[in-house]
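Q: build the 3D model from these lines:
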Amino acid sequence: MKNLGLGIAIAGSGSATPTQVLSNDDLSRIVDTSDEWISSRTGIKNRRIASNEESLADLAARAGQNAIAAAGLAADDIDLIILATSTSDDLFGTAARVQHLIGATQAAAFDLTAACSGFVFGLVTASQFIYTGAYRNILLIGADILSRWVDWNDRATCILFGDGAGAVVLQASDRDRLLGFALSSDGSQNQELNLAYQAQPNPLTDNITTSTGGYQAITMNGREVYRFAVAKVPDIISKALFRANLEASAIDWLLLHQANQRILDAVASRLDIPSEKTISNLANYGNTSAASIPIALDEAVRSGKIKPGDTIAASGFGAGLTWGAAIFQWGKE
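A: Residues are numbered from 1 along each chain as shown. The predicted model follows:
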């Protein structure tokens, strides 16, 4: 239940990416591909790849520290940390480790998994804690190291993914800047994009068997995922706009999960949003899953493209399958 005296301001952003850059030309020496083939089909030119020494917690903590500083807060001001990720350093969760690295000693912390939709799902989740008055300052981080789970011999997937982290600070405010949202899931299409556990039977006694195993590399039906995104994303954004009582023409910036330039262009076209209002940085980073929206947001804010008061339509979509949209105004002013 929403406390009518509380709203949400998105007060600061931050991001962090690995230093290693893997170009399309580099990939052409690994698999049968080329810069022209990749860039013409995806819009991607480069992606950042975490080294063996870099952890998800390290990237997430750097992004979080940058967001806290941008919001004008100290680490001890943070009440809650939500880490949206599918590639945790620890299967039990990485958010508590991030809390320690940041020095946010007053904050509770937990992981949230909704794949490439994770940041939007996390934004909506964080908002509920503020609406109820439970917390006032929440650090939301989207971070993934998908390079750990890529089959580098699979040309269909290895060209797409990169690593990184992005973050925002949400604060309680007298005026609500989260104008509307909508979330959705369809598990019947789970097989189209997944990173599945592969079990092997492990007999314990004559009549009791458990399993052991590990996770397979990412598998994806690119054609079906494209169809899903182009059909569902404009619809979920329209639902969020309806709940915000806004038309698409009121959007200053369309901020989509950075999966494929063709998807970005198709969604913008269906919503009749001009290309100059569509934020895209996937040429430099590829698909960074839950990190892609906050990394692109942070770059646009720090470059001066996004200004306080601008209205943003953000939408994430991906494995699960999951998709969601949030309409919000940037900044505290």
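Q: what's the pLDDT at Ala196?
A: We have a pLDDT of 88 for Ala196.
Q: using the three-state scheme, assign the residue located most distally from the centre of the chain.
A: Each residue of the chain has a distance to the centre, and by CA atoms, centre = their mean the biggest one is for Asp206: 45.6 Å. Judged by DSSP: H, G, I helix; E, B strand; the rest coil, the three-state class of Asp206 is coil.
Q: next up, phi/psi of it, please.
A: Note on Asp206: its backbone torsions stand at phi -60, psi -30 [degrees, to the nearest 10].
Q: what sits against it?
A: By CB atoms under 8 Å, 6 or more residues apart in numbering, no residues touch Asp206. Using the backbone N, CA and C atoms, a C-beta is placed for each residue, glycine as well.
Q: from Cys116, how far out is it?
A: Per CB to CB, to the nearest Å, Asp206 is found 44 Å from Cys116.
Q: next: Leu22.
A: Distance, Leu22 to Cys116, by CB to CB: 19 Å.
Q: do the same with Val21
A: Val21 sits 22 Å away from Cys116, taking CB to CB as the criterion.
Q: let me know the pLDDT of Gln216.
A: For Gln216, the pLDDT comes out at 89.
Q: what number of residues lie near the closest residue to Ala84 other than its chain neighbours?
A: Spatial nearest neighbour of Ala84, excluding adjacent residues (CB to CB, 6 or more residues apart in numbering): Gly118 at 3.2 Å. If you count neighbours by other CB atoms under 10 Å, Gly118 ends up with 35.
Q: kindly report the same for Ala114.
A: Residues within reach of Ala114, counting by other CB under 10 Å, total 26.
Q: that one reaches Ala84, doesn't it?
A: Yes - counting by CB atoms under 8 Å, Ala114 does reach Ala84; the two are 6.8 Å apart.
Q: overlap in contacts of these two?
A: With CB under 8 Å, 6+ apart as the test, Ala114 and Ala84 both reach Phe121, Gly122, Ala290.
Q: dump the residue contacts of Gln191.
A: Counting by CB under 8 Å, 6+ apart, Gln191 makes contact with Asn221.
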